[in-house]
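>>> I'd like to go over a predicted model; first the sequence, then the structure.
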Amino acid sequence: MRLANRGHFSSSAKAFDPCVVTILLVEDENLVRDAAGEILRSAGYRVLAAQNAADALQTFCGHPEEVQLLLTDVVLPDRNGCDLARDLMAVSDHVKAIFISGYPENSITRKGLPCPGGFYLPKPFSAGLLLQRVKEVLSCEAMEKG
């Protein structure tokens, strides 16, 4: 596992170790999924990738206790990411979520897609913003635990 960028997480995020964090990445656009997966892996995270909600559910069922973070597109070909998050959180209440979308955050909530306990990441996003948002969400989780 590559740990070259690990130092970026040392000072403010000592409560978690990215080497043991598993992220379920759900994105139907191959380019976005591949790029986000590579960014996360290069930072030391374990990434399980899926191209739609059905694949994500199947992948999650094989790793329900390992997945700490769902990183999902809001609009997926087979259902929306908010419903997917609800299903996963019903099984494992420790799962946090980041919702990716090319639409503004307020337009998502206006369309009636209230995303449970999640954070928003607008597309397009930079590697730095992606890693910052993941770090924020995982830091919040660590603070809630204790």
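Perfect, thanks for sending it.
>>> rest of the way, CA atoms for contacts and neighbours
OK.
>>> And for the closest residue in space to residue 75 that isn't next to it in sequence, the neighbour number?
In space, and not counting its chain neighbours, residue 75 is closest to residue 81: 6.2 Å by C-alpha to C-alpha, 6 or more residues apart in numbering. By other C-alpha atoms under 10 Å, 28 other residues sit near residue 81.
>>> what about residue 81, distance to residue 71?
Here residue 81 is placed at a distance of 9 Å from residue 71 (C-alpha to C-alpha, to the nearest Å).
>>> Between these two, which contacts overlap?
Overlap of the contact sets of residue 81 and residue 71 (by C-alpha atoms under 8 Å, 6 or more residues apart in numbering) consists of residue 99.
>>> Could you look up the next helix or strand downstream of the helix or strand of the chain with the lowest mean pLDDT?
Sorted by mean pLDDT, DSSP states H and E, the helices and strands of the chain end with helix 105-110, the least confident at a mean of 60. Scanning forward in sequence from helix 105-110 by DSSP states H and E, the next helix or strand is strand 118-122.
>>> can you pull out the strands in this protein?
For the chain, the strands defined by DSSP state E cover 22-26, 46-50, 67-73, 96-101, 118-122.
>>> okay if I get these as a markdown table plus distance to residue 58 and mean pLDDT?
As requested, these are exported to a markdown table (distance: least, C-alpha to C-alpha, whole Å; pLDDT from 0 to 100):
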| stretch | distance to residue 58 | mean pLDDT |
| --- | --- | --- |
| strand 22-26 | 11 | 98 |
| strand 46-50 | 9 | 97 |
| strand 67-73 | 13 | 96 |
| strand 96-101 | 17 | 92 |
| strand 118-122 | 21 | 86 |
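>>> now those in JSON lines, with distance to residue 61?
Listed next are the strands of the chain as JSON lines, based on distance: least, C-alpha to C-alpha, whole Å:
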{"stretch": "strand 22-26", "distance to residue 61": "11"}
{"stretch": "strand 46-50", "distance to residue 61": "12"}
{"stretch": "strand 67-73", "distance to residue 61": "10"}
{"stretch": "strand 96-101", "distance to residue 61": "16"}
{"stretch": "strand 118-122", "distance to residue 61": "21"}
